[in-house]
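[1] sequence plus predicted model, see below.
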Amino acid sequence: MTDTEKRALNEDELQELVAASDSGARNVAGTLGKAIAAVALLWSVFQVLLASPIGLKVLPGDMINNARQIHLAFAIFLSAMSYPLFKSASKTSVPWYDWILGLGGAFLAMYGYFFYAKIVGNGGLADTSDSYFALAGLTFLFIAAYRTLGPVMVILAIVFLGYVFFGASEVVPDQIRWAGASLRKAMSHMWITTEGVFGIALNVSTQFVFLFVLFGALLDKAGAGNYFIKMAFGALGHLRGGPAKAAVVGSAATGLISGSSIANVVTTGTFTIPLMKRVGFSAEKAGSVEVASSVNGQIMPPVMGAAAFLMVEYVGISYFEVIKHAFLPAIISYIALVYIVHLEAVKNNMPTIGNKVVSLWRTVMGMFLFFAGFGGLCYATQFPVRLITSMVPEGSGWVLAVLIGLVYIGLIKLAANTDELEIDDPNAEVMELPDVAKLWKAGLYYLLPIVVLVYFLMIERKSPGLSAFWATFLLFFILLTQKPLKAMFRGENDAVSRIKEGLFDLVDGMIDGARNMIGIGLATATAGIIVGTVSLTGIGQVMADFVEFLSGGNLILMLLFVAILSLILGMGLPTTANYIVVSSLMVSVVVELGAQSGLIVPLIAVHLFVFYFGIMADVTPPVGLASFAAAAVSGGDAIRTGFTAFFYSLRTVALPFVFIFNTDLLLIDVTLVQGIVVFIIATIGILVFTAATMGFYITKSRIWETAALLVVAFALFRPGFFMDMIQPPFHETAPTAVAQALEEAPAGSQMRIVVKGPDFDTLEEKETHLALTVPDVDGGDARLAALGLIFTVDGERMIMDEPMFGTPLAEQLSSFDFYGDEPVQITNVQAPAKQLRKELMFIPALILLGLVTVLQRRRAASKREFEGEPA
């Protein structure tokens with residue numbers, strides 16, 4: 001052990017570390033411990049029934065209508081039972097004050113449930129007694145959030161709540177001062193209605209997130225985590241830097257299972273980190289690879305964590321659309337991570353593990369065929385399903401259930417012919433790689449619930465909650481039957497004990513799922529206060545003006561500001577809370593500023609931008625919990641591990657800046673062929689960018705080669721930048737000729753105009769930039785009418801009347817005074833110009849890449865010849 005390394009934690013200490021973060025450090029034994037576990041189990045049962053097709057028949061209507069209150073009540077109570085309030089508090093018993101905080105918090109959370117009729121009778125507003133109960137509820141929520149999430153989330157919520165009450169004070173700067181709110185008004189907004197704590201974020205946690213977290217906990221309890229790690233190690237372990245590559249792929253797979261990046265680090269890291277150190281990675285670099293790949297598991301479809309479900313509500317699109325837009329960046333980000341560890345291994349000439357010899361090309365093709373085959377299986381499932389539903393429309397559900405059961409039994413029989421998967425010892429003197437040819441049979445049935453989940457989400461387009469229910473329901477069946485069925489096929493006579501083991505596994509998985517949801521439930525509830533403050537006070541628009549002032553109207557600076565804000569908040573907020581806060585404050589600002597700059601930034605692009613930087617919450621030093629977990633496994637320095645992981649992750653997080661300006665990466669308005677081309681080019685681009693930032697391509701890069709690679713990557717990611725320099729995409733025309741310009745422009749193209757006039761509130765003159773999409777109608781006047789624009793020509797001036805009500809421009813220009821003495825007018829019109837296809841810029845970029853490749857190959861060959869190695 002070097003001086004820079006510390007003692008790595010043992011397995012029990014690591015599990016305690018995960019529990020302290022994800023499910024609570026307190027472990028109460030005896031009857032009381034069983035009672036607390038029973039409450040967690042009851043929470044899972046309630047959430048499963050809520051998501052099930054029979055929920056409306058089984059659960060009373062009041063419970064369904066107030067599901068958010070019940071959800072939060074469980075979270076607050078279990079937080080008090082599972083997380084000690086003080087470091088000195090007992091970890092094996094529950095102090096008296098925690099009973100008060102737990103039961104009192106649960107009652108206050110369900111205040112709207114108990115007094116539903118009274119609140120409805122008051123028109124949904126709080127009376128004096130309601131407001132005091134609501135204030136007490138916020139206090140209990142803050143205490144629960146503090147013990148579970150730490151102080152930052154609570155401090156942030158209190159600051160925003162303080163602004164609600166004291167925003168009218170003279171101490172508050174004029175720019176952000178507002179009228180203020182009474183206690184009744186504020187508490188109605190924050191606790192009684194669905195605008196604050198019980199708003200969209202908590203509803204998403206209730207309706208969707210719980211089922212996905214439970215799905216992951218049950219899949220892990222079934223043994224899928226170990227199977228995925230073994231498969232990844234068996235497929236990639238023989239390569240140079242193989243353990244690190246296996247860590248990346250294994251973490252991508254376990255990202256389906258674990259909703260926690262910290263649990264992901266410990267699950268895969270206890271095996272991969274010692275092996276990475278064994279082949280030459282330092283303790284910090286080994287931990288960093290694991291952190292970067294584990295945290296990125298949150299961006300991997302089809303399960304992307306709570307933030308993805310929030311996007312469904314905030315953006316107003318289906319979960320299928322969210323997955324489609326997020327898919328390509330997630331895939332190429334993992335490709336970049338694999339390439340990073342490959343370059344680290346090649347640079348340091350690291351040895352391989354085992355005596356397995358398989359060509360890199362064959363390995364890559366094998367991985368590609370596996371994932372392509374899995375995707376094809378999910379897609380092809382729809383055809384037999386449609387055939388059966390057309391043949392047996394009434395009983396198709398039962399027929400399909402029987403067929404899935406038969407497939408499952410066949411896969412279980414296949415698994416029974418192999419040995420049970422044991423956890424390997426990474427410190428064994430002789431390390432044998434798993435044989436994928438034999439291993440794949442042992443856990444193929446784990447893919448069944450994932451196929452069901454993907455099928456319902458992507459093919460049937462069902463709601464995320466219902467999709468997760470059916471996948472979870474199948475996992476119930478698997479957990480109960482996998483052990484007794486294997487015993488039967490192996491000729492063993494202990495089926496009864498195996499059934500008991502399966503039942504215990506199911507119960508433990510449901511308890512684990514509930515405990516893992518405590519932090520998410522409290523994070524979404526507490527973040528609701530910030531969202532409620534924005535909607536109550538209008539601070540969002542003030543923030544927009546302030547950020548626009550700081551950035552000087554420059555979109556790049558604005559994006560940097562948003563990224564830095566996310567990173568700063570990430571030092572103390574979990575990913576979900578970080579995403580809620582930043583998206584509530586900044587998304588509309590970026591979209592508006594982009595439009596003023598003539599760039600249409602889709603709402604989903606900005607939300608994904610915020611989300612990508614939000615996932616850094618578990619990485620960012622000095623608080624990144626995943627980095628501390630990895631350092632505990634590796635024995636390395638936690639802060640150094642965090643900075644290295646941050647450095648690795650930033651290469652991936654560079655992607656959001658790319659897809660803001662090139663929405664092709666999000667598969668927005670692209671055909672299948674275009675999507676394939678975008679994937680190939682984007683993959684080459686991210687590999688080139690990675691090589692440039694690593695300072696190593698085929699051999700160590702010279703400075704000019706690094707610069708050339710950066711130019712190549714930029715050209716591949718944003719070819720339009722260089723094409724616009726060669727052939728400007730717009731030409732200026734007179735404002736009075738706007739109708740003619742619209743008539744000549746191709747339908748669907750963009751036209752930019754600058755509108756200048758007095759502000760409605762201040763009467764001061766201002767201007768804004770608008771990007772108009774040319775309507776698909778004939779004639780300039782008809783196109784003006786379709787856009788809602790009404791003009792009057794006054795000499796060389798183009799005077800604008802107020803746009804027609806209900807058109808998008810009416811809202812965008814609502815801040816102008818169209819009825820004052822000074823007119824609102826168009827001062828500049830830029831019509832679309834003919835331009836060559838931007839993809840032509842790929843040609844010089846690839847030629848430059850080829851030049852660098854040839855030069856580095858020659859230099860590498862010369863080096864090998866000099867050192868006496870075969871060229």
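    Structure received.
[2] Phe721 belongs to a helix?
    Yes - using DSSP: H, G, I helix; E, B strand; the rest coil, the assignment for Phe721 is a helix.
[3] residues near the residue lying closest to it once chain neighbours are set aside, how many?
    Distances taken as C-beta to C-beta, 6 or more residues apart in numbering put Phe714 closest to Phe721, at 7.2 Å, once the chain neighbours are dropped. Heads up, the C-betas are built off the backbone N, CA and C, glycines and all. Look at Phe714: counted by other C-beta atoms under 10 Å, it has 18 neighbours.
[4] helix, strand, or coil at Phe714?
    Going by three-state DSSP: Phe714 is helix.
[5] for Ala845, see how far away it is.
    9 Å (C-beta to C-beta, to the nearest Å).
[6] Val755 now?
    37 Å.
[7] who has more neighbours out of these two?
    For Val755 versus Ala845, neighbours defined as other C-beta under 10 Å are more numerous around Ala845 (23 against 20).
[8] so what's the more buried one closest to, chain neighbours aside?
    Ala715 (3.8 Å).
[9] and for that neighbour, the neighbour number?
    Ala715 has 25 nearby residues by other C-beta under 10 Å.
[10] that one against Pro844, yeah?
    Yes - the criterion here is C-beta atoms under 8 Å, and Ala715 meets it with Pro844 at 7.4 Å.
[11] element containing the closest residue in space to Phe320 that isn't next to it in sequence, please.
    Setting aside the residues directly before and after it, Phe320 is nearest to Arg461 in space (C-beta to C-beta, 6+ apart), at 5.4 Å. According to DSSP states H and E, Arg461 maps onto no helix or strand at all.
[12] so Arg461 versus Val454, what's the distance?
    On the measure of C-beta to C-beta, Arg461 and Val454 end up 12 Å apart.
[13] between the two, who's got more neighbours?
    Neighbours were counted for Arg461 and for Val454 using other C-beta under 10 Å; Val454 has more, 23 against 12.
[14] what is the least confident helix or strand in this structure?
    Within the chain, no helix or strand scores below helix 11-22, which has a mean of 57 by mean pLDDT, DSSP states H and E.
[15] and Leu503, what is it in contact with?
    Leu480 (C-beta atoms under 8 Å, 6 or more residues apart in numbering).
[16] quick one: mean pLDDT for the one helix or strand it maps to?
    Assigned by DSSP H and E, Leu503 belongs to helix 495-516. Mean per-residue pLDDT for helix 495-516: 89.
[17] buried stuff in that helix?
    498, 501-502, 505-516 (16 or more other C-beta atoms under 10 Å).
[18] for the stretch 601-750 of the chain, which segments count as helices?
    603-614, 625-634, 638-653, 655-661, 672-694, 703-717, 719-726, 738-744 (DSSP state H, counting those that start in this stretch).
[19] packing partners of the fourth one?
    Okay, so that is helix 655-661. Where contact means 3 or more C-beta pairs under 8 Å, 6 or more residues apart in numbering; DSSP states H and E, helix 655-661 is packed against helix 319-347, helix 555-569, helix 603-614.
[20] what's the most buried one of the helices of the stretch 601-750 of the chain?
    helix 625-634 (a mean of 28; mean count of other C-beta atoms under 10 Å).
[21] tell me what that one is packed against?
    helix 11-22, helix 261-278, helix 283-295, helix 638-653.
[22] just the CA atoms of that helix, as PDB, please.
    Only the C-alpha atoms of helix 625-634 are listed here, as PDB (Å, rounded to 0.1, in the frame of the first residue of the first chain):
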ATOM      1  CA  LEU A 625     -20.900  10.900  -2.400                       C
ATOM      2  CA  ALA A 626     -20.100   8.500  -5.200                       C
ATOM      3  CA  SER A 627     -16.500   9.600  -5.200                       C
ATOM      4  CA  PHE A 628     -16.300   9.000  -1.400                       C
ATOM      5  CA  ALA A 629     -17.800   5.500  -1.900                       C
ATOM      6  CA  ALA A 630     -15.300   4.700  -4.600                       C
ATOM      7  CA  ALA A 631     -12.400   5.900  -2.500                       C
ATOM      8  CA  ALA A 632     -13.700   3.700   0.400                       C
ATOM      9  CA  VAL A 633     -13.500   0.700  -2.000                       C
ATOM     10  CA  SER A 634     -10.100   1.600  -3.500                       C
END
